[in-house]
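> Generate a structure from the sequence data that follows.
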Amino acid sequence: MKLSNREFFFKLLRTIFKLSTRPFRIVVDRFLGLFNLSIKDFKSYLVRFFFDDNYLISSILLKSVKRPDIRMDFKDTIIIGPWFSEVGFELIYWIPFLKRIQGIRDKNIIVISRGGVSSWYKVLKSKSFKYYNIDQFISKNELSDYKKNKIKYGQKQLYVEDIEKKIYDKLIQLNNLNIDNVTFFHPKIMYSHFRSYWARGYYHINKGIKLSLEKNIRFKDLIYKKNHIPFKQNKNFVVVKLYESSILSLDKDKIFYLNKINSILEEINKKYSLFFLNYENKDDHMPIVFKKIYNDKKNYRLNDYIFEKNNNLEIQTLILKKAKFFIGTYGGFSYLPSFLNLNAIALANSNFKLIKRHTPIYEYIQNKTKFALVDLNNDNFIIKKTIKKIFKIDKKY
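Numbers count the residues shown, from 1 in each chain. Purely as a prediction, here's the structure:
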């Protein structure tokens, strides 16, 4: 069956499915809820059971937008970004996605992100390369308002917003570019491309996307500057980045989890100094701080140093590169040590469904580097065994 005929057929099938379930949606949802399922799960199951298709069927039935043609004809200059979203998606999806794009090697590329992460994008081969921070084009108030809205309504960049159009306009003026010779490569293309992959259950069968990601994830890829780090600490330290989130939640049994985390840090601190990456940053994450160990003179704190806040991610990358290991909350940042070939432990205690969405990539990274996810609900013996393996702490621990 031709592609166009198949697309029409499955659009028709989706419409019939919608019409047939609409009058009974509440009843159907409640019935499937008894088995911890939903209508979307049922549709996904039908797709996997009856068809062997690497994208088209799932993109229609699971409401994904049409798959973009990433082998497009690029113009002389390609503007990549702006990237506002999470660090994790940038590292394990966005940058590997850009690396597989055909036709940019002989083009001029301009990358827009935040935190001064130009080193993360140096892996892209191109005729010329420029990097800009988002805050070079918009005010602090504009950026703050944008972040508040994204935190409230979702951080994924699924369409080009007015503030992004403003950034494009200012960038074109700054570089005296002819808009007719510019291709805009917005993150919405990546989110559209991977949407079915992230759909519940579908990542288990979408081997094509999984293999493509693995092929373009390369550790030790990050090209970093060696000379503009203002820290003179010794090399025997462990980087710590702890904060509350839906995955490391302190809403329930707060004392229990805090004592557990504190005991882990105290044991590590017996052998290594700790470098805490907490700094004043207005986002949706509340830092987890243990005053006694945090203020210990043998440990280091990012807040003790003067640095440009708009380059905070670049500075943290440089610190990580000098560290022995990393321990922190499971989240996007916890993947960064692996790209620097650094052993890492990520802590979690809830919302494991969110982690499961990234299972294939997590497992791949775990197999290539020493990256461990520690469930704080586990027995202390299991936690200690994992930490000893990753941090190479002696048998006394």
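> domain parsing for the chain?
As assigned by automatic domain parsing, the chain contains the domains 3-61, 77-216, 237-391.
> Lowest average confidence across these, which one?
In terms of mean pLDDT, the lowest-scoring of the domains of the chain is domain 3-61 (a mean of 54).
> Export the domains of the chain to TSV and append columns for mean neighbour count.
Backbone N, C-alpha and C define where each C-beta goes, glycine included. TSV is the format used below for the domains of the chain (neighbours: other Cβ atoms under 10 Å):
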stretch	mean neighbour count
domain 3-61	13
domain 77-216	17
domain 237-391	17
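> ok, residue 109 - contacts?
Neighbouring residues of residue 109 by Cβ atoms under 8 Å, 6 or more residues apart in numbering: 77, 78, 79, 80, 124, 126, 127, 128, 129, 130.
> at 6 Å instead, please
78, 80, 126, 129 (Cβ atoms under 6 Å, 6 or more residues apart in numbering).
> taking these one by one, which sit in strands?
Cross-referencing the contacts of residue 109 against strands under DSSP state E gives 78, 80, 129.
> Any figure for the gap between residue 368 and residue 330?
18 Å (Cβ to Cβ, to the nearest Å).
> Under a three-state scheme, what state does residue 249 occupy?
Counting by DSSP: H, G, I helix; E, B strand; the rest coil, the backbone at residue 249 sits in coil.
> That one and residue 352 touch, don't they?
No: between residue 249 and residue 352 there is no contact under Cβ atoms under 6 Å: 11.5 Å.
> where exactly do the helices run in the stretch 51-200 of the chain?
For the stretch 51-200 of the chain, helices defined by DSSP state H, counting those that start in this stretch occupy the ranges 56-61, 87-89, 95-99, 118-121, 140-153, 162-174, 187-198.
> right, and the ones you listed - which one's nearest residue 372?
Closest approach to residue 372 among those (Cβ to Cβ): helix 87-89, 16.3 Å.
> List the contacts of residue 163.
Taking Cβ under 6 Å, 6+ apart, we find residue 163 in contact with residue 146.
> I meant to write residue 236 there.
By Cβ under 6 Å, 6+ apart, the contact list for residue 236 reads residue 272.
> Distance check, it against residue 265.
16 Å.
> again with residue 312
If you measure residue 312 against residue 265 using Cβ to Cβ, the figure is 22 Å.
> again, but for residue 314
Counting by Cβ to Cβ, the separation of residue 314 from residue 265 is 26 Å.
> go on, residue 148?
Look at residue 148 and residue 265: by Cβ to Cβ, they are 32 Å apart.
> so which of the contacts of residue 109 comes closest to residue 291?
Using Cβ to Cβ, residue 80 comes nearest to residue 291 of the contacts of residue 109, at 42.1 Å.
> in what helix or strand does residue 246 lie?
Assigned by DSSP states H and E, residue 246 falls within no helix or strand.
> hmm, I was thinking of residue 275
Per DSSP H and E: strand 273-276 holds residue 275.
> mind listing the strands for this structure?
Counting by DSSP E, the segments of the chain that form strands are 77-80, 108-113, 128-133, 182-185, 237-241, 273-276, 300-301, 325-329, 343-348, 371-375.
> So which elements touch the fifth one?
What that stands for is strand 237-241. strand 273-276, strand 325-329 (3 or more Cβ pairs under 6 Å, 6 or more residues apart in numbering; DSSP states H and E).
> Out of these, flag the one nearest residue 140.
Of all the helices and strands packed on strand 237-241, strand 273-276 comes closest under Cβ to Cβ, at 24.9 Å.
> Just send the helices and strands packed on strand 237-241 back as JSON lines, with distance to residue 167 too.
Formatted as JSON lines, these follow (distance: least, Cβ to Cβ, whole Å):
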{"stretch": "strand 273-276", "distance to residue 167": "33"}
{"stretch": "strand 325-329", "distance to residue 167": "30"}
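> among those strands, which is nearest residue 120?
Nearest to residue 120 among the helices and strands packed on strand 237-241 is strand 325-329 (16.5 Å), distances taken as Cβ to Cβ.
> Residue 186: what's its closest spatial neighbour, skipping adjacent residues?
Leaving aside its sequence neighbours, residue 186 sits nearest to residue 160 (Cβ to Cβ, 6 or more residues apart in numbering; 5.5 Å).
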